[in-house]
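**Student:** below is the sequence, then the predicted model.
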2 protein chains.
Amino acid sequence: MAKKHKIKNLRIPGPTKLFPEARELMGQEAFNHRGPRFEELMRDVTKKLKIIFHTKNDILILTASGTGGLEAAIVNTVSPGDKVLAVSIGSFGDRFAQIAKAHGADLTILRYKSGTAADPKEIEKTLKENPNIKTLLITHNETSTGVKNDLETISKIAKKNKILFIVDAVSSLAAMPLPIDKWGIDIAITGSQKGFGIPPGLTMISMSKKAWDKSKKTKSNKFYFDLNIAKSALNNGQTPFTPATHQIDALNKGLDILFREGLDNMIKRHINAHEKIKKEVKEMGLKLLASDTDSSPVVTAIKTDNAGLIIKQMREKGIELAGGYGDLAGKIFRIGHLGYFDMKEIDEVLKELRKITKSL
Amino acid sequence: MAKKHKIKNLRIPGPTKLFPEARELMGQEAFNHRGPRFEELMRDVTKKLKIIFHTKNDILILTASGTGGLEAAIVNTVSPGDKVLAVSIGSFGDRFAQIAKAHGADLTILRYKSGTAADPKEIEKTLKENPNIKTLLITHNETSTGVKNDLETISKIAKKNKILFIVDAVSSLAAMPLPIDKWGIDIAITGSQKGFGIPPGLTMISMSKKAWDKSKKTKSNKFYFDLNIAKSALNNGQTPFTPATHQIDALNKGLDILFREGLDNMIKRHINAHEKIKKEVKEMGLKLLASDTDSSPVVTAIKTDNAGLIIKQMREKGIELAGGYGDLAGKIFRIGHLGYFDMKEIDEVLKELRKITKSL
């Protein structure tokens, strides 16, 4: 049996620490997903999600991981053979492209070196050179490398080219500025276990009119992720299939708490944590994976040959950090500062990290 | 706002009442799905699931509703154009057929009148007349009508015809006898919110060698529900995508409690509840939807023109019953006696039901 350490400071970029109120609702007795109580809950939570998405678009909640939400975006708008541009800056961007490929998309991929953001000019050039590309897939915040894309600039390019603009916002929504309607994002996908402070199990997806129109003409094989089925059920305050009732109730409450903090304060809290980590980590003599411009306000990736050892020693102190994915495994560790956290927890990470790096 | 009644006796056929220990684990703090603790949990829960499935086959856990599990079974083994026999005795059987159709199966459907079980002889005849049918889809327990299929007899027919035998066991597994290996079931799909006493959010799927072999040759577009991806991750004690960690931990504990009761005792408890309900409901002058032979030990459907009124009046007493689906809406109500419950709760339902039927 692996040695267990009591984790008191979960500093991975999701699942994140939970709102105490969310924990209470997660522990409640089962309830009917076909009764009046659930109908009211669905209407409530959908209204609140529209506020945090900054959108008038429909929002659907599916019982699945964020990856399921990404697949829903694809199968509802991409027919086999459709030309799609996938912009990837890391493992999650790669995954988005893989999903499109699995569903028969004719893919063009712009892959940037892990640790760097996408170049908007190159995206513009690619779209200009390939006028048949009708869909753009992009990750807002690449959790695997702690890099954010300049979505505001890219959104203007998407608009100019009148393409369907699909954004993986799994780790950015509710933590980074992402005004869906202002930026003209047709589909945004997020997950319960990141900025929302709720356990994993739900993916939330916004669909613009353009996305719905496209969905009516899309020829792809689907059922569970068919958003038109989800939409019909939502019109009656329901989900088509038995949902993760507990996560939905917890999300509804979690959103109240986010609103109490205020969206701007929430965004600032994430930036402040990131700035503090960057500054102190540099003082420790460690190197950041991403540049100052590219680095993400919700997760900081640090380059070191001692990544495995640092993660292990931090775990012994009750602090859980994240490692690297794919070719970054063993070469970076990541500090999550996403969702429900306060600066004391960040300070504790920095304090212990300072001790460990000194000893190495 | 709809009037809310405090439900103290949840008598729908899933989501079912939760094990107190499951509630505790559902309310725990978030934890890392990529750390050693989760790896150990995955190995533990998978081992225990094999016991309750009575199988040596692989079992995969996906974060989705049971419907997602049904889709996983289809997309991993049915290529577009494949001939499939779907046997339906109600809404969930219809859904299974719809999923296969959505993925391009060449379907033959045997649909029985809601309230009756499938005729094994007709299944045998259909397979004989259509030797190109390679796959059989069937619901073990039709939750929407409270009817069980004679799976033992049908399993012999499936074996004789060497077809891939796929069983929707969403509401039967852990509550009704279902020896996967003995009956040669290639794929069985269940859900966390039925016999297991855990909140919704997980589907568990067993895959035989024959099913895996078929999956290697299946041409279908899939990603999230690709069980070969899930299998590769499981070999490392992981899930490929962030799972509903809390439900998995609760399931692991819930299985311990099921084992403490004993599988045979558990099955008897369900039968005893059903027999008692049948007897007393008849004494009240009410009619059962299903015959004595066909009726399910986990949910009892009762015919009455007052279904809506009875559900409403029972809800006012804190008892939540289920209504009818599709053409049975308003014509039946259903009493769930599935998962974690004791006879006192059944007695309370019968007592209040007697009062209400007298007053009508």
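**Tutor:** Right, received. Where do you want to start?
**Student:** from B:P131, how far out is the closest residue in space to A:N132 that isn't next to it in sequence?
**Tutor:** Sequence neighbours aside, A:K83 is the residue nearest to A:N132 in space, at 4.7 Å (criterion: C-beta to C-beta, 6 or more residues apart in numbering or on different chains). C-beta coordinates here come from the backbone N, C-alpha and C atoms, glycine included. As for A:K83, its distance to B:P131 is 42 Å (criterion: C-beta to C-beta, to the nearest Å).
**Student:** cool, A:P80 as well?
**Tutor:** From A:P80 to B:P131 the distance is 31 Å (C-beta to C-beta).
**Student:** do A:I356 as well
**Tutor:** With distances taken as C-beta to C-beta, A:I356 is found 67 Å from B:P131.
**Student:** please say which of these two ends up with more neighbours.
**Tutor:** Neighbours per residue (other C-beta atoms under 10 Å in any protein chain shown) separate A:I356 from B:P131, with A:I356 holding more: 17 against 10.
**Student:** quick check: that one is in a helix.
**Tutor:** Yes: under DSSP: H, G, I helix; E, B strand; the rest coil, A:I356 sits within a helix.
**Student:** distance of it from chain B?
**Tutor:** Distance of A:I356 to chain B, computed by C-beta to the nearest C-beta, to the nearest Å: 18 Å.
**Student:** helix or strand: which one has the residue nearest to that residue when sequence neighbours are not counted?
**Tutor:** Nearest residue to A:I356, sequence neighbours excluded (C-beta to C-beta, 6+ apart): A:Q313, at 5.1 Å. In the assignment (DSSP states H and E), A:Q313 maps to helix A:307-316.
**Student:** list the residues that contact the closest residue to chain B within the stretch 1-150 of chain A.
**Tutor:** When scored by C-beta to the nearest C-beta, the stretch 1-150 of chain A has A:G27 as its residue closest to chain B, at 2.7 Å. Taking C-beta atoms under 8 Å, 6 or more residues apart in numbering or on different chains, we find A:G27 in contact with B:R23, B:E24, B:M26, B:G27.
**Student:** tell me, how many residues neighbour the second one?
**Tutor:** Counted with other C-beta under 10 Å, residues neighbouring B:E24 total 14.
**Student:** check contacts around it.
**Tutor:** A:G27.
**Student:** spatially nearest residue to A:N221 (excluding sequence neighbours)?
**Tutor:** Excluding the flanking residues, the one nearest A:N221 by C-beta to C-beta, 6+ apart is B:H103, at 4.6 Å.
**Student:** just checking, the one you found touches B:P80?
**Tutor:** Yes: B:H103 is in contact with B:P80 according to C-beta atoms under 8 Å; the separation is 6.7 Å.
**Student:** ranges for the strands of the stretch 1-150 of chain A?
**Tutor:** Under the criterion DSSP state E, counting those that start in this stretch, strands of the stretch 1-150 of chain A are mapped to A:9-10, A:58-63, A:83-88, A:106-111, A:135-139, A:141-142, A:147-148.
**Student:** buried residues in stretch A:275-283?
**Tutor:** Under the neighbour-count criterion of 16 or more other C-beta atoms under 10 Å in any protein chain shown, stretch A:275-283 has A:K276, A:I277, A:K278, A:E280, A:V281 buried.
**Student:** would you say the second one is within a strand?
**Tutor:** Meaning A:I277. No: under three-state DSSP, A:I277 sits outside any strand and is assigned helix.
**Student:** so what's it up against?
**Tutor:** So A:I277 contacts A:T300, A:I335, A:H337, A:I346, A:V349, A:L350 (C-beta under 8 Å, 6+ apart).
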